[in-house]
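**Student:** got a predicted structure plus its sequence, pasted below:
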Amino acid sequence: MDDEWIELFEGPLSEYADSASSNGRVRIPWTELSEAHPDLAESVLSDPETTLKVASNALGRVGPVRTTVRVYDLPDHRTYRVGKYGSSMLGNLIGVRGTVVDVNRVKPCAREAAFECHLCGTLTRVPQSGGDLIEPGQCQGCEQDGGMRLNLAQSEVIDYQRIILERANSSMDDPPVEIVHLWKDLCETLSPGDTVTVVGIYDILPNQDKAVLETYLDAVSINNSKQPATVDEMADWQVKKWTFETADELCTAGSDYDCSKREIVETVADEHGVAEGEITAALEDLDDQSVVSERRGGRIHITTSSPPTFEPAE
Ligand SMILES: [Zn+2]
């Protein structure tokens, strides 16, 4: 994968590699990456942690070393409103739109903490997520768990900021929120009230003792601009209503009173300008409510005889 990135940085993405020299980061639109190398673009989505690290290392061989590779402008089906993505997205790169409601102070944080063994002195390095300190299970040198001490001088300490993103224009009393971790140059770029799209790795906070896991988004890039934000302005119920009505129409037209999920997604996206991820999420909601059901081969059936009411009660 190294060589493929090097070819990209020397070829179609060379302008980005050139721009990397000044500030320790390079921002690449996902769509351009996808045109230049579809497989790598897919890897960025499905295994962002490894792929972006490899990209940064490759860039270090043709340009400045230690440059963070930031990808933005994900495809529509990977962009969601806060809370509209399922556990299947854990470990993946997703775009999340929302309003910034809480901004913590920027603090130094160990991105990689070095622990020194009391018994043999070996340093064991553990990547950190920004939450509670993750300690190594045992020493890499003597393989004992004889107690370890954090060695700050040997740790990689960088700027860190925690923010909270809330679903924008939600009709709920208690709209869903997501914790977002910002690192380095992404710190201090946001204020409460900003409506943003954060591209990041969806992950579980470490050291949890409950079955319902706390999640967070490890930010890779931020777009703090007015997106074609039609979806932000739509209430949940509206997207669900369109999705149900479209499914109902297509099923009625179908020979077995069913239709393909793909067809619903494309029709709603075309007619109402809703992002594909939103429509997929609406279909999942409808399935949870037993209004529709998905059968084999991605076929959707309507499983209710009377259409539900989607509008919120006054
Ligand atoms: Zn040891």
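**Tutor:** Perfect, thanks for sending it.
**Student:** in the stretch 101-250 of the chain, which ranges drop under the pLDDT threshold?
**Tutor:** 225-234 (pLDDT under 70).
**Student:** and the strands in it?
**Tutor:** 107-117, 123-127, 148-150, 156-166, 177-183, 195-204, 215-223 (DSSP state E, counting those that start in this stretch).
**Student:** which residues of this structure lie near the ion?
**Tutor:** Contact residues (C-beta under 5 Å from the ion) of the chain with the ion: 117, 119-120, 122, 139, 141-142. Yep, even glycine has a C-beta here, placed from its N, CA and C like the rest.
**Student:** may I see the buried residues of stretch 303-314?
**Tutor:** Using 16 or more other C-beta atoms under 10 Å as the test for burial, stretch 303-314 gives Phe310.
**Student:** oh, I was asking about stretch 269-277
**Tutor:** Neighbour-count burial for stretch 269-277 [16+ other C-beta under 10 Å]: 269, 272, 274-277.
**Student:** who's in contact with Glu311?
**Tutor:** The contact partners of Glu311, taken as C-beta atoms under 8 Å, 6 or more residues apart in numbering, are 237, 241.
**Student:** show me what contacts Val126?
**Tutor:** Contacts of Val126 (C-beta under 8 Å, 6+ apart): 112-113, 115, 134-136.
**Student:** buried residues, stretch 180-193. List them.
**Tutor:** 180-183, 186-187, 190.
**Student:** try stretch 84-103
**Tutor:** In stretch 84-103, the ones that count as buried by 16+ other C-beta under 10 Å are 84-85, 89, 92-100, 103.
**Student:** most widely separated two among these?
**Tutor:** Distance extremes for those: the farthest pair is Asn92 and Val103 at 25.4 Å, using C-beta to C-beta.
**Student:** next one: the residue of the stretch 151-300 of the chain found nearest the ion from Thr122, what distance?
**Tutor:** Proximity of the stretch 151-300 of the chain to the ion (C-beta to the ion) peaks at Asn151, 13.0 Å away. The spacing between Asn151 and Thr122, counted by C-beta to C-beta, to the nearest Å, is 11 Å.
**Student:** overlap of the contact sets of those two?
**Tutor:** Glu116.
**Student:** ok, which stretches of the protein are helices?
**Tutor:** Ranges of helices in the chain, per DSSP state H, are 2-10, 14-19, 30-36, 38-46, 48-62, 236-253, 261-272, 276-288.
**Student:** count the neighbours of Asp287 for me.
**Tutor:** Neighbourhood size, Asp287 [other C-beta atoms under 10 Å]: 14.
**Student:** make that Val65, sorry
**Tutor:** 10.
**Student:** can you pull the pLDDT of it?
**Tutor:** Note for Val65: predicted pLDDT of 83.
**Student:** quick one: pLDDT of Ala55?
**Tutor:** 95.
**Student:** then the one 4 residues further on?
**Tutor:** At Leu59, the pLDDT value in this model is 92.
**Student:** tell me how far it lies from the ion.
**Tutor:** The spacing between Leu59 and the ion, counted by C-beta to the ion, to the nearest Å, is 35 Å.
**Student:** ok now do that residue, which residues does it touch?
**Tutor:** 5, 9, 17, 20, 26, 67, 69.
**Student:** show me what the residue lying closest to the fourth one once chain neighbours are set aside bridges to in the sheet.
**Tutor:** Right, Ala20. Spatial nearest neighbour of Ala20, chain neighbours left out: Val26 (4.0 Å); criterion: C-beta to C-beta, 6 or more residues apart in numbering. Beta bridges link Val26 to Val69 when assigned by DSSP bridges.
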